[in-house]
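Engineer: next one to model:
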Amino acid sequence: MSSPRLHIPIHLRWGDLDAFNHVNNTSMLKLLEEARVRAFWRAGPGEEAPSTAVLDSGFDEGILTLIARQEIEYLAPVPYQRRPLEVQMWFGKLGGSSVEVCYEVHNDPEARPRTIYARSTAVIVLVDAASGRPTRLTPEMRDAWEPFVGDSIEYAHR
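Structural biologist: Below is the predicted model of the structure:
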């Protein structure tokens, strides 16, 4: 099942590179985190965000988003570049209190040839901040996220 994807531009920082002059594996996790925050957290005053940005940020908001599992398949080294990477995102599954977020990290959409650097899956659980127990997805979340449900990533090198 093919579905629409979110397209989130993320700029690299020089500090994201390692001694081999490509993006370090731990930096890739931070880039995916940044894309996730931009895709799902509500915009602040004067900011724009996609229709999927329905989560309030912060412990005081009552709901936390915790990573239960994350997997990354690296397909090509990511060199430093001034143009932003394009992180494409969709949902593999919407559960009761969890979501499977799928990612593909590409070079800039105008670059030729197009390169997919990595694919990743993160299982995120919504947790009540006060009790620490999982909490169900709200109707607002489901309405915002269901248009972006598609196939889960099948990894080639398992």
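Engineer: mind listing what's buried in the helix ranked longest in the chain?
Structural biologist: Longest helix in the chain, counting residues (DSSP state H): helix 25-40. For helix 25-40, the neighbour count (16 or more other CB atoms under 10 Å) marks 27, 28, 31, 32, 35, 36, 38, 39, 40 as buried. All C-beta spots, glycine's among them, are computed from the backbone N, C-alpha and C.
Engineer: quick check: pLDDT value at the fourth one.
Structural biologist: The one in question is residue 32. pLDDT, residue 32: 97.
Engineer: which non-adjacent residue is nearest residue 97?
Structural biologist: residue 134 (3.8 Å; CB to CB, 6 or more residues apart in numbering).
Engineer: again, but for residue 18
Structural biologist: residue 24 (4.0 Å).
Engineer: I'd say residue 49 and residue 43 touch.
Structural biologist: Yes: the criterion here is CB atoms under 8 Å, and residue 49 meets it with residue 43 at 3.7 Å.
Engineer: looking at the two, which is more packed in?
Structural biologist: residue 49 (15 against 11; other CB atoms under 10 Å).
Engineer: okay, the residue nearest the centre of the chain: pLDDT?
Structural biologist: The centre of the chain sits closest to residue 36, judged by CA atoms, centre = their mean, with a distance of 3.6 Å. In this model, residue 36 is scored at 96, pLDDT.
Engineer: same question, the one 5 residues further on
Structural biologist: Residue 41 carries a pLDDT score of 93 in this model.
Engineer: which residues does the closest residue to it other than its chain neighbours contact?
Structural biologist: Spatial nearest neighbour of residue 41, chain neighbours left out: residue 57 (4.8 Å); criterion: CB to CB, 6+ apart. Taking CB atoms under 8 Å, 6 or more residues apart in numbering as the criterion, residue 57 is in contact with 37, 41, 42.
Engineer: let's see that with 10 Å instead.
Structural biologist: Residue 57 makes contact with 37, 40, 41, 42, 44, 63, 64, 65, according to CB atoms under 10 Å, 6 or more residues apart in numbering.
Engineer: next one: the closest residue to the fourth one other than its chain neighbours from residue 41, what distance?
Structural biologist: In space, residue 42 comes closest to residue 53 once its chain neighbours are excluded; the distance is 5.3 Å by CB to CB, 6+ apart. Using CB to CB, to the nearest Å, one obtains 6 Å as the distance from residue 53 to residue 41.
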